[in-house]
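*Asks:* Coordinates for the following, if possible.
(one chain, ligands or ions: 2)
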Amino acid sequence: MLTKREELFGGTPDEYLSHKEKYENSTRKAVILFSLLRKIQEENNTDLTNYRNLLSGVLGASISQDGSPFGLHYIMFMPVFMSQADEEQQERWLHRALNCSIIGSYAQTELGHGTFIRGLETTATYDPSTQEFVLHSPTLTSYKWWPGGLGNTANYCIVIAQLYSKGECHGIHSFIVQVRDEDTHMPLPGIKVGEIGVKMGLNAVNNGFIGFENVRIPRTNMLMKHAKILEDGTYVKSKNSKLIYGAMVFVRVVIVFDSVNYLAKAITVATRYSAVRRQSQLKEGEPERQILDYVTQQDKILTAIAGCFAMKMNARMLWDTFNVINDQLHKGNMERLGELHALACCLKAISTSDSSLFTARCRVSCGGHGYMVSSTLPATSALTTASCTYEGDNTVLLLQTARFLLKTWRQIDTGPLTPTVEYLKTVSAPGFSYKWENSIEGIIRGFQIVSMKKISSCLNLMTAKVMSGMSQADAWNTISIQLVSAGESHCRAIVISTFHEDMSKAMRSMSASLAEVMGQLVELYAVYWTLERLGDLLEYTSISGADVVKLRSWYEELLRKIRPNAVGLVDAFDIIDELLQSTLGAYDGRVYERLMEEALKSPLNAEPVNQSFHKYLKPFMQGKL
Ligand SMILES: CC(C)(COP(=O)(O)OP(=O)(O)OC[C@H]1O[C@@H](n2cnc3c(N)ncnc32)[C@H](O)[C@@H]1OP(=O)(O)O)[C@@H](O)C(=O)NCCC(=O)NCCSC(=O)CCCCCCCCCCCCCCC(=O)O
Ligand SMILES: Cc1cc2nc3c(=O)[nH]c(=O)nc-3n(C[C@H](O)[C@H](O)[C@H](O)COP(=O)(O)OP(=O)(O)OC[C@H]3O[C@@H](n4cnc5c(N)ncnc54)[C@H](O)[C@@H]3O)c2cc1C
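*Replies:* Ligands and ions are numbered 1, 2, ... in the order given. From the prediction side, this is the model:
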């Protein structure tokens, strides 16, 4: 009798399963895992804070590198209910979703539209005679495409469609739609549903497509916490049309945590392997060195460790900010909605792009063995690059942040600014003077000045172009590279200052030796990004060549100091081998034995001569083909 652990982590490695077998195996494992999790979650887990902890457990424990067919059920289907369903609807559906007696997905993206959601084509037309909505996919491009779990798993989904009533379009709204019969799992009449095929990664997520042929759903299937349709078809507006976008903000917030989780896995593998792997001699006749002793290797890996700690602290700040503003929204105070959206956008973009960049570096830093699927680094790299796209393409999200920053800059003299942008007032105040200094505080100030000056420059450029006769939209597009850069600079200033401030607070309760190491990580992160963004700092601050020389020495000194604690730092993530799933990163360091053990699991090693020799090779080599 297999133990739960053996059931979850044993069996044929996924990499040797077919696409279909991989899905079936992931579903088998997901049922085991989620049955366990269902037992520990409170029934009324509709509080977003508790919910995120559940999500952490669910996704953190997702035991396949390829994701889970249940992921979207937890990641979006349920949060959308919590944020968009009225009380009666929550009463009707949420309990069933929480105990997984229904499995849901989130169908927003279409073949023809992912970013521009106001352009979605799926329609939901209200029929007052029957008090139903008629859901329809008018074109091939209107077919929903991507929803996780929709291919073969979910029997319900949230559908985002253009709402029509009394001949008028009211824009996109959310609807709960049953997709498959709860007993037979057959697709319901008028519904064409399937799986989208093999992807770069996440091949157990079961992303699907769905098309509707005049499918009728009750009026009360429109999620009506914000906007409503009355029985006679009268449309009641929401307090803010963007509240329907609320679930995306929540998921962007949790994706920042997720990007940290992926990066923590990658740097655990790369760091441990770099301590085990010996290659080349530093001095003739000496034993081969641990590759972690090479400063170039430290440059790749230790900065990733610092980045992981930095983003973890920023994820917590963002979560706290989300909860504060979300409470205000619940009380009808929309004042900081735009700020929350802008912060979630830039942190999701920067955390995922950093995670993708550093994970790719971890892969390369492990040489050939890092290219083995059994190292887990290729799959983790595929995961992090996906996160730069899902829940909003990073470029588009940084443009959203830039839009908020320009709006803020236009109003800079009309009153106090909200917390995440009040630095703009400080560094632009009359009489404010600043001379570059090689210190954490000096670096933070420098990044804040760069951000402010980029925003100011973008607004001046926009104004000049519009004055010259260019349309607002063309002016925006023309300078959009600079707008994205302004969004990134704003975010980097926030990340460094948050890391410094929150770590300084945390260090007060640490031992002196631990605080020293944590302080080194903050310095490494700040100095690394200073050297990475030298162009901006040279353009907008008084940093000098002499400062740069000293910064480089400071950077190399920090690498030297952190090197002895590298393995201890990643061990602190405490990722068990079963979740790490890596021949290179296992805790016992038996890299070569594990590589060979995994290789022997290949079906091609089941027999000494593969059948292709007799069928193809031998006749070929004998000139008979
Ligand atoms: C925002 C858009 C790009 C544009 O929208 P619009 O066209 O409607 O807006 P405009 O640009 O015209 O006007 C902007 C205007 O609107 C405001 N706005 C816009 N968006 C929002 C918002 N969300 N909230 C509030 N306000 C908003 C903006 O501020 C402007 O206001 P002003 O006019 O005042 O300036 C939009 O089209 C858009 O969002 N596009 C992106 C589409 C998108 O994101 N799609 C996602 C589809 S779902 C998906 O991809 C699912 C993926 C799921 C993958 C799995 C995730 C894994 C998570 C794991 C969780 C693990 C948890 C671990 C936790 C732990 O470890 O602890
Ligand atoms: C693994 C994965 C899982 C997913 N899961 C789901 C899901 O469960 N449910 C769901 O609904 N969706 C899901 N998606 C879809 C995802 O949300 C979209 O792919 C994403 O929103 C990007 O939209 P798009 O693919 O149409 O890209 P596009 O918007 O077509 O982007 C392509 C390029 O165009 C650029 N671009 C687009 N608009 C602009 C603009 N205004 N200004 C400047 N540049 C622009 C982008 O920057 C990008 O470089 C998933 C996607 C992936 C990869």
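*Asks:* Which stretches in the chain count as strands?
*Replies:* Assigned by DSSP state E, the chain shows strands spanning 104-107, 123-127, 132-136, 144-145, 156-165, 168-178, 191-195, 208-212, 215-218, 228-229, 235-236.
*Asks:* Compute the inter-axis angle for the third one and strand 123-127.
*Replies:* For strand 132-136 against strand 123-127, the angle between stretch directions is 150 degrees (axes from the mean of the first three to the mean of the last three CA atoms, to 10 degrees).
*Asks:* Can you dump the C-alpha atoms of strand 132-136 in PDB for me?
*Replies:* Listed in PDB are the C-alpha atoms of strand 132-136, where the atom choice follows Å, rounded to 0.1, in the frame of the first residue of the first chain:
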ATOM      1  CA  GLU A 132     -32.100  35.100 -19.100                       C
ATOM      2  CA  PHE A 133     -28.800  36.100 -20.800                       C
ATOM      3  CA  VAL A 134     -28.000  34.600 -24.200                       C
ATOM      4  CA  LEU A 135     -24.300  33.900 -24.300                       C
ATOM      5  CA  HIS A 136     -22.800  33.800 -27.800                       C
END
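*Asks:* Neighbouring strands of that strand in the sheet, and parallel or not?
*Replies:* strand 123-127 (antiparallel), strand 215-218 (antiparallel) (DSSP bridges).
*Asks:* Let's have those in TSV, adding mean pLDDT.
*Replies:* As requested, these are exported to TSV (pLDDT from 0 to 100):
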stretch	mean pLDDT
strand 123-127	98
strand 215-218	98
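*Asks:* Mean neighbour count, those: which tops it?
*Replies:* Among the strands paired with strand 132-136, ranked by average contacts under mean count of other CB atoms under 10 Å, first place goes to strand 123-127 (a mean of 20). All C-beta atoms are positioned from the backbone trio N, CA, C, and that covers glycine.
*Asks:* in the protein, what residue is nearest ligand 2?
*Replies:* Taking CB to the nearest ligand atom as the measure, the chain has residue 114 as its residue closest to ligand 2, at 2.2 Å.
*Asks:* Could I get the pLDDT score of that residue?
*Replies:* At residue 114, the model reports a pLDDT of 97.
*Asks:* That one and ligand 1, how far apart?
*Replies:* As judged by CB to the nearest ligand atom, to the nearest Å, residue 114 and ligand 1 stand 6 Å apart.
*Asks:* Just give me the neighbour total for that residue.
*Replies:* Residue 114 is flanked by 18 other residues according to other CB atoms under 10 Å.
*Asks:* ok so, going back, out of the strands of the chain, which is the most enclosed?
*Replies:* Mean neighbour count, computed with mean count of other CB under 10 Å, is highest for strand 104-107 among the strands of the chain, reaching a mean of 31.
*Asks:* so what strands line up beside that strand?
*Replies:* When pairs are called by DSSP bridges, strand 104-107 turns out to pair with strand 156-165 (parallel).
*Asks:* what about the partner strand, distance to the chain center?
*Replies:* The offset between the C-alpha centroid of strand 156-165 and the centroid of the whole chain comes to 25 Å, using CA atoms, centre = their mean, to the nearest Å.
*Asks:* Could you pull out the helices in the stretch 451-600 of the chain for me?
*Replies:* For the stretch 451-600 of the chain, applying DSSP state H, counting those that start in this stretch gives helices covering 472-478, 480-507, 512-532, 534-540, 545-562, 566-571, 577-580, 591-599.
*Asks:* Lowest average confidence across those, which one?
*Replies:* Looking over the helices of the stretch 451-600 of the chain, mean pLDDT reaches its minimum on helix 577-580, with a mean of 91.
*Asks:* show me what contacts the most centrally placed residue in the chain?
*Replies:* For the chain, the residue nearest the mean C-alpha position is residue 255 (3.6 Å; CA atoms, centre = their mean). Contact partners of residue 255, counting by CB atoms under 8 Å, 6 or more residues apart in numbering, are 348, 351, 352, 387, 390, 391.
*Asks:* quick one: buried residues of stretch 221-235?
*Replies:* For stretch 221-235, the neighbour count (16 or more other CB atoms under 10 Å) marks 221, 222, 223, 224, 225, 226, 227, 228, 229, 233, 235 as buried.
*Asks:* For the residue lying closest to the fourth one once chain neighbours are set aside, grab phi and psi.
*Replies:* Leaving aside its sequence neighbours, residue 224 sits nearest to residue 86 (CB to CB, 6 or more residues apart in numbering; 4.9 Å). The phi and psi values for residue 86, taken as degrees, to the nearest 10, are phi -80, psi 180.
*Asks:* Roughly how far does residue 254 sit from residue 260?
*Replies:* Taken as CB to CB, to the nearest Å, the spacing of residue 254 relative to residue 260 amounts to 11 Å.
*Asks:* Find the residues that touch each one of those two.
*Replies:* Where contact means CB under 8 Å, 6+ apart, no residue is in contact with each of residue 254 and residue 260.
*Asks:* just to revisit the earlier point, could you dump the buried residues of stretch 221-235 to JSON lines with pLDDT?
*Replies:* Supplementary listing: the buried residues of stretch 221-235 in JSON lines, determined by pLDDT from 0 to 100:
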{"residue": "221", "pLDDT": "98"}
{"residue": "222", "pLDDT": "98"}
{"residue": "223", "pLDDT": "97"}
{"residue": "224", "pLDDT": "96"}
{"residue": "225", "pLDDT": "94"}
{"residue": "226", "pLDDT": "92"}
{"residue": "227", "pLDDT": "95"}
{"residue": "228", "pLDDT": "96"}
{"residue": "229", "pLDDT": "97"}
{"residue": "233", "pLDDT": "97"}
{"residue": "235", "pLDDT": "98"}
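*Asks:* out of these, what pair is the most spread apart?
*Replies:* With distance counted by CB to CB, no two of the buried residues of stretch 221-235 lie farther apart than 225 and 233, which are 19.3 Å apart.
*Asks:* and the stretch 101-250 of the chain, which residues reach ligand 2?
*Replies:* 106, 107, 108, 109, 114, 115, 146, 147, 148, 202, 207 (CB under 6 Å from any ligand atom).
*Asks:* Return the residues in contact with residue 88.
*Replies:* Contacts here follow CB under 8 Å, 6+ apart; on that basis residue 88 touches residue 220.
*Asks:* for the strands of the chain, which one sits closest to ligand 1?
*Replies:* Comparing the strands of the chain by their distance to ligand 1 (CB to the nearest ligand atom), the top pick is strand 104-107, with 5.6 Å.
*Asks:* what's the model's confidence in that closest one, averaged?
*Replies:* Along strand 104-107, the predicted confidence averages to a pLDDT of 98.
*Asks:* in the chain, which segments are predicted with low confidence?
*Replies:* Per-residue confidence for the chain (pLDDT under 70) gives these ranges: 2-12, 40-64.
*Asks:* Within range of ligand 1, give me the residues from it.
*Replies:* By CB under 6 Å from any ligand atom, the residues of the chain that approach ligand 1 are 52, 55-56, 59-60, 75-76, 106, 108-109, 115-118, 242, 245, 248-249, 251, 254-255, 257-258, 261, 337-338, 341, 390-392, 396, 400, 403-404, 407.
*Asks:* Whichever of those residues end up buried, select them in PyMOL.
*Replies:* A single PyMOL command suffices to select whichever of the residues of the chain next to ligand 1 are buried according to 16+ other CB under 10 Å:
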select buried, resi 52+55+59+75+76+106+108+109+117+245+248+249+251+254+255+257+258+261+337+338+341+390+391+392+400+403+404
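*Asks:* Next, format the strands paired with strand 132-136 as a markdown table and append distance to residue 575.
*Replies:* Written out in a markdown table, the entries for these read as follows (distance: least, CB to CB, whole Å):
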| stretch | distance to residue 575 |
| --- | --- |
| strand 123-127 | 44 |
| strand 215-218 | 43 |
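*Asks:* about what we covered before: tell me which two in the residues of the stretch 101-250 of the chain next to ligand 2 are the farthest apart.
*Replies:* 115 and 202 (19.5 Å).
*Asks:* out of everything not next to it in sequence, what's closest to the residue of the stretch 451-600 of the chain found nearest ligand 1?
*Replies:* Residue nearest to ligand 1 within the stretch 451-600 of the chain (CB to the nearest ligand atom): residue 476, separated by 10.3 Å. With sequence-adjacent residues excluded and distances taken as CB to CB, 6+ apart, residue 476 is closest to residue 462, at 6.8 Å.
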